[in-house]
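> please work out how this folds:
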Amino acid sequence: MAIARIESLLKARIGLDAASIGTASIERAVRERCAASDCRDVQAYLDLVLASEVELQELIEAVVVPESWFFRDRQAFVALAGMAHKECLRKGPEGVVRVLSLPCSTGEEPYSMVMTLLDAGIPAHRFQVDAVDISARALAKADSGIYGKNSFRDKDARYRDDHFAPMGSAYCLNEIVRRQVCFRQGNLFDAGGFFGARIFDAIFCRNVLIYFDRPTQLRVVEILNRLLAATGLLFVGPSETGVLQDQGFVTAKLPLAFAFRKALAIGHEPGPAPVRSSKPVPVVRANARASAAIPKPTQRSSPALALVDRARPAVPKNWIEEAQQLADRGNLLDALKHCEQHINEETTSAAAFYLLGLLHDAAGRSQQACEQYRKALYLDAGHTEALVHLAVALRRDGDARGAQLLLDRAKRVQAAGSK
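Okay, here's the model as predicted:
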């Protein structure tokens, strides 16, 4: 069948396992492109795709749907800030910390990296962020730096006041942050080639392995392994941790960050330095001449940094924050018990069940995590993060149709919120 050949073509080009999103999703994308290209049927469209790289890219754009927001799984950014400070000290006054976002989607992730590092007091000339995605449309949005409210899903969005300017109903990212990211269009499977001998101190490759079959996952992990520094951090999605553990990576023991190191780094690598708070300092501009001395990390408005102050933990405002602090210190079981105790005793909320789901996910308890995500959605049917995480879990367990229904629902929620 023509659809089967198109699925094979997509797998060969971008590694997509059709089962991960369902044949129905691919058929829908093909129908859209058939209509747009005036093809009479699917066979005619297959002939067009085989003959035209331009149309193949259009099909990829139709299949790959960006799903990103600022400071998604923000504990990863806490870990990034701690690692960057330690690497700056290790590399010396002229050393540069290199970070990679792959794939980078519409730019929220790499820009979150920049905001985190600047707000942590890392001078702009001491770090570089590279960002790669196969979607030209996603990169065009990233390059524009203009984002609607669905990109700001964190309750603590004070960073928006520091780094964005209102533009009608949207927000425009300032030039200081934008020029810190080097975007390029490219295929994940070519990443090992177009970066040459460059290696990265941190790589974010989150929620993409779930779209590949096992052999393709192993191929990606091999590429990431070549790109990652010996003591670097590799960040993946909550449901992708098992793939790395099976391939010689070990957890960095940073709760809810879903970060891994190469096994060889354990034993002589003490882990990222803790992020400590200090008085706010001005954002360092990319062209500013900074002192060779490393400034102390600051606790400006970055939501990632606001979560952790290991030197003097902030007094939690409620039991959810208490559970979060326990998780931040590595006490996952205590955090789980704390959540369960209060959920049984007090009025529940979608936020509480969502946090409990994340904790179960971090502990490798997929079934329990799904139960909590469903409870969160019972209380708040539009809880986008719960929808996405539950979809990831269902896809991992082989329910591609159920996962797609949840993702479609999440997209409708986002579309309604952007109006």
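
> list of residues touching stretch 374-388?
Stretch 374-388 is contacted from outside by 67, 150, 153, 348-351, 353-354, 357, 373, 390, 406-407, 409-410, 413-414, using Cβ atoms under 8 Å, 6 or more residues apart in numbering. All C-beta atoms are positioned from the backbone trio N, CA, C, and that covers glycine.

> as a check, name the ranges of all strands in the stretch 51-200 of the chain.
All strands of the stretch 51-200 of the chain, identified by DSSP state E, counting those that start in this stretch, fall at 97-101, 127-133, 146-147, 164-167, 170-173, 181-185, 200-204.

> sheet partners, orientation included, of the second one?
On the basis of DSSP bridges, the sheet neighbours of strand 127-133 come out as strand 97-101 (parallel), strand 181-185 (parallel).

> who's in contact with that strand?
Strand 127-133 is contacted by residues 84, 96-105, 107, 109-110, 113-114, 117, 139, 142, 180-186, 188, 191, 195, 200 when judged by Cβ under 8 Å, 6+ apart.

> hmm, which of the contacts of stretch 374-388 are the buried ones?
Buried subset of the contacts of stretch 374-388 (neighbour count, 16 or more other Cβ atoms under 10 Å): 67, 150, 153, 348, 350-351, 353-354, 357, 373, 390, 406-407, 409-410, 413-414.

> just the ones in strands from these, please.
Counted as lying in strands by DSSP state E, out of the buried ones among the contacts of stretch 374-388, is not a single one.

> can you give me phi and psi for A259?
The phi/psi pair for A259 (degrees, to the nearest 10) reads phi -110, psi 140.

> possible to save the strands of the stretch 51-200 of the chain as a markdown table with mean pLDDT?
Shown next, in a markdown table, are these (pLDDT from 0 to 100):
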| stretch | mean pLDDT |
| --- | --- |
| strand 97-101 | 96 |
| strand 127-133 | 95 |
| strand 146-147 | 96 |
| strand 164-167 | 94 |
| strand 170-173 | 96 |
| strand 181-185 | 95 |
| strand 200-204 | 97 |
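
> among these, which is nearest A18?
Proximity to A18 (Cβ to Cβ) singles out strand 127-133 among the strands of the stretch 51-200 of the chain, at 20.7 Å.

> centre of the chain to that closest one, how far?
13 Å (Cα atoms, centre = their mean, to the nearest Å).

> so it versus strand 200-204, what angle?
For strand 127-133 against strand 200-204, the angle by axes from the mean of the first three to the mean of the last three Cα atoms, to 10 degrees is 40 degrees.

> pull strand 127-133 out as CSV, backbone CA atoms only.
Only the C-alpha atoms of strand 127-133 are listed here, as CSV (Å, rounded to 0.1, in the frame of the first residue of the first chain):
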residue,chain,number,x,y,z
PHE,A,127,28.4,29.7,27.3
GLN,A,128,27.0,28.8,23.9
VAL,A,129,23.7,27.2,23.1
ASP,A,130,23.2,25.3,19.8
ALA,A,131,19.7,24.3,18.7
VAL,A,132,18.7,22.0,15.9
ASP,A,133,15.4,20.9,14.5
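
> residue contacts, L50?
L50 neighbours (Cβ under 8 Å, 6+ apart): L9.

> pretty sure it is in a helix, no?
Yes. Applying DSSP: H, G, I helix; E, B strand; the rest coil, one finds L50 inside a helix.

> how close does it get to E58?
Distance, L50 to E58, using Cβ to Cβ, to the nearest Å: 14 Å.

> same question, H383
33 Å.

> go on, M1?
M1 is 21 Å from E58, by Cβ to Cβ.

> just want to know which of these two has more residues nearby.
Under the criterion of other Cβ atoms under 10 Å, the comparison of M1 against E58 puts E58 first, with 20 against 9.

> wait, the more buried one sits on R33?
Yes. E58 lies in contact with R33 (Cβ atoms under 8 Å); the separation is 6.0 Å.

> gap between stretch 37-45 and the chain center?
In terms of Cα atoms, centre = their mean, the gap separating the centre of stretch 37-45 from the centre of its chain is 36 Å.

> could you find the closest non-adjacent residue to L256?
Residue nearest to L256 in three dimensions, not counting chain neighbours: Q75, with 4.0 Å by Cβ to Cβ, 6 or more residues apart in numbering.

> find me the pLDDT at that neighbour, would you?
On the pLDDT scale, Q75 is placed at 86.

> again with the one 10 residues further on
According to the predicted model, the pLDDT of H85 comes to 90.

> so which strand or helix has L46?
helix 42-51 (DSSP states H and E).

> mind listing what's buried in that helix?
In helix 42-51, counting by 16+ other Cβ under 10 Å, buried: 42, 45-46, 48-49.
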